[in-house]
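In: give me a model of this one.
(one chain, ligands or ions: 1)
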Amino acid sequence: MMGYEQLWLDYTRKASCGEAEGIEYICVRISDTEQDALIQNSVKELQDAFEGLVGSRPTLRRDNGAGTGAALSGSTGRHGICLALREGMGAESYHLFSEKGDIVIEASDSRGILYGTFDLIRQMKMEEPLFTLDRTKAPLMPMRMLNHWDNMDGSIERGYSGESFFFADHQILVNDRTRDYARLAASVGINAVVINNVNVKDAATWLITDRYLDKVKELSEVFAGYGIRLYMSLNYAAPVELGELDSADPLSDQVGAWWNQKMKTVFGRVPNLGGFLIKADSEGRPGPFTYGRTHADGANMLARAVAPYGGIIIWRCFVYNCMQDWRDYKTDRARSGYDNFMGLDGSFLDNVILQIKNGPMDFQVREPVHPLFGGLTKTNQMLEVQIAQEYTGQQRHLCYLLPMFQEILQFRTYVKEGDDTVRDIVSGRTFGQHNCGMAAVVNTGNDENWTGHDMAAANWYGFGRLCFEPELSAEEIAREWIRVTYGNDDQVEEILMFLLMSSWPAYESYTSPLGIGWMVTPNNHYGPSVDGYEYSRWGTYHRADHEGIGVDRSHEGTGYALLYREPNASVYDNKDKCPDELLLFFHHIPYTWKLRSGKTVIQHIYDSHFEGVEIVDEMAEQFMKLQGKLPDRAYERMAARFREQKEHAREWRDQINAYFYRKSGILDERERKIY
Ligand code: GCW
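Out: Numbers count the residues shown, from 1 in each chain. Predicted structure coming up:
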């Protein structure tokens with residue numbers, strides 16, 4: 001197996017935290033801890049962290065609830081960390097404070113203890129004072145999930161950091177790396193993981209059979225020790241593809257009975273299983289449409305089968321007609337999620353969650369928020385984002401996505417007077433839901449550094465932290481990640497902050513303009529190809545001609561803008577009110593049209609592409625100052641990526657500018673070089 005790094009849980013660099021040096025023991029005031037893997041893992045984590053960061057390993061004292069650590073320290077003048085359960089706190093939350101010379105992590109369940117443990121370690125790594133800590137934290141989103149698009153042959157769909165560490169040669173892997181993965185994920189609050197690709201084919205269809213269930217169970221137990229529930233993606237047509245039935249009609253009694261029996265077996269063998277994620281009737285995957293049934297029929301059939309075991313069915317809303325003709329101006333892929341699901345609002349069982357991509361298209365660098373958020377009022381909802389950077393530089397370019405995620409979460413849907421943001425909805429506040437949260441298509445693989453680009457790890461780290469504490473700003477999360485990963489050097493912090501915070505705006509500037517998206521090389525989605533998708537069947541058009549560019553989604557066009565609640569609908573529908581960054585998403589606009597910025601569309605295209613490259617040059621230059629300040633290997637890897645990004649940003653700039661110069665015939669006011 002390939003070696004790999006420990007990222008933000010690396011304990012090999014000493015931290016200077018004087019207070020921690022006096023801590024000699026860990027006192028567990030919880031009975032039956034032998035039974036509880038989470039408590040054991042918390043203790044081990046603390047011991048390992050102290051040993052590495054401070055240089056001495058605290059000893060374990062069991063105190064099965066009788067005495068207190070403080071009492072012990074009182075008599076000896078020594079310090080320790082006490083783990084204690086206390087009733088009455090919210091699920092998964094913790095209180096971290098000090099009492100009579102001890103640091104106490106108090107929670108009402110063992111997940112809370114684990115999260116408090118990782119918080120304490122984070123504070124140590126950031127060299128913060130420990131004995132004055134007094135913080136109570138409760139995760140805002142109930143479901144904090146990673147979706148892996150890993151295939152059982154070891155490949156990863158849209159994977160940019162090596163092969164799968166869950167699967168190789170059609171086998172499930174359970175090893176040290178799996179455990180370290182679980183530690184990394186849990187340390188930022190992740191509590192659910194889907195291990196396999198939503199495109200479930202071939203061997204993956206068999207994950208719910210004898211062939212794999214023992215291994216699935218083993219993996220689920222490793223996860224459970226870190227508070228993570230294992231989920232699998234399911235093949236909707238499994239009864240047919242496993243050769244057992246000739247139909248998967250959700251309203252057939254025989255099919256329902258087959259699933260009931262199947263789930264009885266699966267949950268019997270894997271009691272820790274959380275449930276299933278399903279992509280149905282999309283991009284060639286099977287689904288209830290084959291039988292003239294609805295998504296609700298399909299989801300509810302499965303939900304009934306998993307309900308006796310507390311299972312959850314997560315049903316994706318990424319459903320669209322991918323057989324469009326470019327001459328067809330009526331069909332609008334952006335509408336399809338809404339059109340397919342809005343009419344079903346209220347018809348899903350309570351253990352079904354609809355998983356909705358952040359935008360109506362597909363993880364472009366800029367999209368409006370999906371109109372199902374604020375549309376649906378009677379259905380459990382989860383937000384899906386993609387930290388695998390499929391359309392945002394594939395982990396070769398730096399693109400820190402947390403600022404984008406914060407914008408999405410803060411978007412007001414106007415579904416209610418107050419508490420109407422996406423964040424309110426997916427944290428359950430708007431509709432009082434508990435089956436909700438956020439999922440990210442994750443960016444990990446078996447590369448030594450897990451994420452290809454070392455700094456792409458900030459997206460993994462940040463996603464977890466965001467779900468747990470969405471009140472943190474993207475800057476705060478970035479700063480935290482830098483310090484826990486690379487230590488507390490001011491220059492390192494300042495430069496890496498600059499790089500992270502500049503990266504999304506830079507990427508947006510030198511790629512596709514004003515919300516139009518899609519000008520990527522077909523299939524692999526890396527690099528510019530302005531017309532790459534313009535005549536294909538996927539519904540992804542920019543509609544540029546010699547006069548203008550953009551898709552008319554106003555009331556005169558596809559009507560998509562009107563799917564939002566007011567005032568959003570009127571804002572998007574009106575060229576004069578629509579925000580610049582989304583203008584071409586909603587309207588077909590002449591190149592000579594003046595933006596709110598005062599520039600014409602064409603001049604904006606030129607300027608932003610030149611500026612984007614300048615920012616990247618500045619980023620690369622700043623980065624190079626960190627030679628000798630970052631671990632050598634990491635520095636070399638990142639330096640190579642920044643060199644590539646510089647070059648590749650130029651390719652984007654030149655292709656886009658040349659294309660629009662030729663289409664429009666309008667010169668750059670500043671007469672810069674356009675090919
Ligand atoms: O557009 C796409 C990606 C596919 C992906 C799909 C989805 C897993 O290019 O690779 O399939 O989104 O989200 O289902």
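In: show me the strands in the stretch 451-600 of the chain, by range?
Out: Per DSSP state E, counting those that start in this stretch, the stretch 451-600 of the chain carries strands over the ranges 548-549, 589-590.
In: among these, which is the most enclosed?
Out: Stretch with highest mean neighbour count among these: strand 548-549 (a mean of 22; mean count of other CB atoms under 10 Å). All C-beta atoms are positioned from the backbone trio N, CA, C, and that covers glycine.
In: list the helices and strands that one packs on?
Out: Strand 548-549 makes packing contacts with strand 589-590 when contacts are defined by 3 or more CB pairs under 8 Å, 6 or more residues apart in numbering; DSSP states H and E.
In: and the strand it packs on, how far out from the chain middle?
Out: Distance of strand 589-590 from the chain centroid (CA atoms, centre = their mean, to the nearest Å) equals 35 Å.
In: ok so, going back, nearest to the ligand, out of the strands of the stretch 451-600 of the chain?
Out: Of all these, strand 548-549 sits nearest to the ligand, with 22.3 Å by CB to the nearest ligand atom.
In: run a quick neighbour tally on the residue lying closest to residue 246 once chain neighbours are set aside.
Out: The shortest distance from residue 246 to any non-neighbouring residue, by CB to CB, 6 or more residues apart in numbering, is to residue 240 (6.4 Å). Using other CB atoms under 10 Å, the number of residues around residue 240 comes to 17.
In: hmm, residue 254 and residue 240 touching each other?
Out: No: assessed by CB atoms under 8 Å, residue 240 is found out of contact with residue 254, at 11.8 Å.
In: what pLDDT is listed against the closest residue to the ligand within the stretch 1-150 of the chain?
Out: Across the stretch 1-150 of the chain, the shortest distance to the ligand (CB to the nearest ligand atom) belongs to residue 149, at 5.3 Å. Note on residue 149: pLDDT of 98.
In: now swap in residue 16 and tell me
Out: So residue 16 comes in at 85 (pLDDT).
In: among the strands of the stretch 451-600 of the chain, which is nearest residue 208?
Out: Closest of the strands of the stretch 451-600 of the chain to residue 208 is strand 548-549, at 47.1 Å (criterion: CB to CB).
In: before we move on, the earlier item: quick check: neighbours shared by residue 240 and residue 254?
Out: The contact sets of residue 240 and residue 254 overlap at residue 247 (CB atoms under 8 Å, 6 or more residues apart in numbering).
In: show the contacting residues for the closest residue to residue 87 other than its chain neighbours.
Out: Nearest non-adjacent residue to residue 87, counting by CB to CB, 6+ apart: residue 108, 5.6 Å away. Residue 108 makes contact with 85, 86, 87, 88, 89, 90, 91, 93, according to CB under 8 Å, 6+ apart.
In: ok, now with 10 Å
Out: By CB atoms under 10 Å, 6 or more residues apart in numbering, residue 108 lies in contact with 85, 86, 87, 88, 89, 90, 91, 92, 93, 94, 95.
In: what residue in the stretch 451-600 of the chain comes nearest to the ligand?
Out: For the stretch 451-600 of the chain, CB to the nearest ligand atom, closest residue to the ligand: residue 525, 6.6 Å.
In: hang on, isn't that residue packed against residue 365?
Out: No: with contact defined as CB atoms under 10 Å, residue 525 does not count as touching residue 365 (11.6 Å).
In: rewinding a little: state the pLDDT value of the residue nearest to residue 246.
Out: In this model, residue 240 is scored at 98, pLDDT.
In: now it: which helix or strand?
Out: Using DSSP states H and E, residue 240 maps to helix 238-241.
In: might you list the low-confidence residue ranges for this structure?
Out: Applying pLDDT under 70 to the chain flags the ranges 1-2, 34, 64-76.
In: residues in contact with the residue of it found nearest the ligand?
Out: Nearest residue of the chain to the ligand: residue 362, at 4.4 Å (CB to the nearest ligand atom). Applying CB under 10 Å, 6+ apart to residue 362 gives the contacts 318, 320, 333-334, 386, 390-391, 517-518, 525, 538-540.
In: what about residue 550, how many residues nearby?
Out: By other CB under 10 Å, the residues close to residue 550 number 25.
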